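Enquirer: Here's my sequence, what's the structure:
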Amino acid sequence: MKEIDSKKIIKMICLILGGGAGSRLYPLTKDRSKPAVPIAGKYRLIDIPISNCLNSGIKRMFVLTQYNSASLNRHIKNTYHFDNFNSGFVDILAAEQTASSDKWFQGTADAVRQSMLHLNVHDHDYVMILSGDQLYQMDLKEMAEKHVESGADLSIATIP
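Expert: Residues are numbered from 1 along each chain as shown. Just a heads-up that it's a prediction; the model follows:
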C-alpha cells in the first residue's frame, strides 16, 4: 500500500480466513468451504476480499484454509498469477502439524497465531485480517491509513 504522508509507505500483508464448515449454506458447502461457494458464474466468495485487497493496493495475501479446502485451493492456484516484476502473491496457508504442535487450527485466533511464522519471512509492519466468506466492498487503503494515523494497536471494521 502507499502513503500516509509522502514519505511513509504502509508495508502490509493480508491474512484471509478460509472459513469453516458453512453449515448454514448447506448443500452449497457439502463438498467445499464457504469461501469456495460460487457466485456470479465463475467467481467464488473468496474473490471478494482478494479483489478488495488488490483494488486497495494490497498485493501480498495468504489464505488460511483447513476445512474442505481442495476446491478453494484449486481456484486460488488457477486464478491469481502475478508477473515476475511484481512482488505480489496470493498463497495458501493450510492448517499443518509441526514439530512444535500437533494441533490443527483451533479457531480463528489460533489460525492467525499458527500462521505468524510464515508471515515473519516477509517484510511487513502491519497485518490485515479479513473474512474470506463475506460480501462487501471496502477501501482497505483508507482503513489502513486511519489505523496508522491514529496509532491504534487494533482497528476493526464493522457495521451495525
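
Enquirer: what about the helices in this protein?
Expert: Secondary structure of the chain by DSSP state H: the helices cover 47-55, 70-79, 108-119, 140-150.

Enquirer: With respect to Leu25, which of those lies nearest?
Expert: Among the helices of the chain, helix 70-79 comes nearest to Leu25, with 13.7 Å by CB to CB. From N, CA and C alone the C-beta is placed, and that goes for glycine too.

Enquirer: and the closest one, what does it pack onto?
Expert: strand 60-65, strand 89-94 (3 or more CB pairs under 8 Å, 6 or more residues apart in numbering; DSSP states H and E).

Enquirer: helices and strands of this structure: which one has the lowest mean pLDDT?
Expert: Using mean pLDDT, DSSP states H and E, helix 108-119 stands out as the lowest-scoring helix or strand of the chain, at a mean of 84.

Enquirer: What are the buried residues along that one?
Expert: Ala111, Val112, Gln114, Ser115, Leu119 (16 or more other CB atoms under 10 Å).

Enquirer: what's the answer for stretch 32-52, then?
Expert: By neighbour count on 16+ other CB under 10 Å, the buried set for stretch 32-52 is 32-37, 44-50, 52.

Enquirer: which residues does Ile13 contact?
Expert: Contact analysis of Ile13 by CB atoms under 8 Å, 6 or more residues apart in numbering lists Arg60, Met61, Phe62, Leu119, His122, His124, Tyr126, Val127, Met128.

Enquirer: Enumerate every residue touching the nearest residue to Glu142 once chain neighbours are set aside.
Expert: Residue nearest to Glu142 in three dimensions, not counting chain neighbours: Ser56, with 7.9 Å by CB to CB, 6 or more residues apart in numbering. Contacts for Ser56 (CB under 8 Å, 6+ apart) come out as Met1, Met138, Asp139, Leu140, Lys141, Glu142, Ala144.
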